[in-house]
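> All I have is the shape, not the residue letters:
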């Protein structure tokens, strides 16, 4: 009787582990999509930042205080772009870390399922 209870417990644990694996794999897929989308937008972000830097504020185009005001605004926007680049890099790093963590959990759960399957086989053989 104890053997049947143990088999049932291990089987139920495996069912839960398989469900948890599916959930983790779905999360990994969503993270991969997010990573691809962020990576795809990164060149556009950098291109806009470069356009901002390329525009020359020659004396003929901007005179007097307006040039200084515009230059100050430009520096402010440029610094925000720099913060944005750091934020993008941080997001991508966080996504990669989370994917690795989830993949490690999946591997651990798969190993537990294998161990449980082996224990179930031994219990059935001993009956």
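Sure thing, it's come through. Keep in mind that what you see is a predicted model, and the values were worked out from it rather than measured.
> Would you mind measuring from the residue nearest the centre of the chain to residue 18?
Nearest to the mean C-alpha position of the chain, counting by CA atoms, centre = their mean, stands residue 95 at 1.9 Å. Distance, residue 95 to residue 18, by CB to CB, to the nearest Å: 25 Å. All C-beta spots, glycine's among them, are computed from the backbone N, C-alpha and C.
> same check, this time on residue 36
For residue 36 relative to residue 18 (CB to CB), the value is 27 Å.
> now swap in residue 46 and tell me
The gap separating residue 46 from residue 18 is 43 Å, by CB to CB.
> now the helices for this protein?
Here the chain has its helices, by DSSP state H, at 2-54, 65-126.
> so the last one versus helix 2-54, what angle?
By that I understand helix 65-126. On the basis of axes from the mean of the first three to the mean of the last three CA atoms, to 10 degrees, helix 65-126 is oriented at 160 degrees to helix 2-54.
> Which strands and helices lie in contact with helix 65-126?
Helix 65-126 sits against helix 2-54, with contacts defined as 3 or more CB pairs under 8 Å, 6 or more residues apart in numbering; DSSP states H and E.
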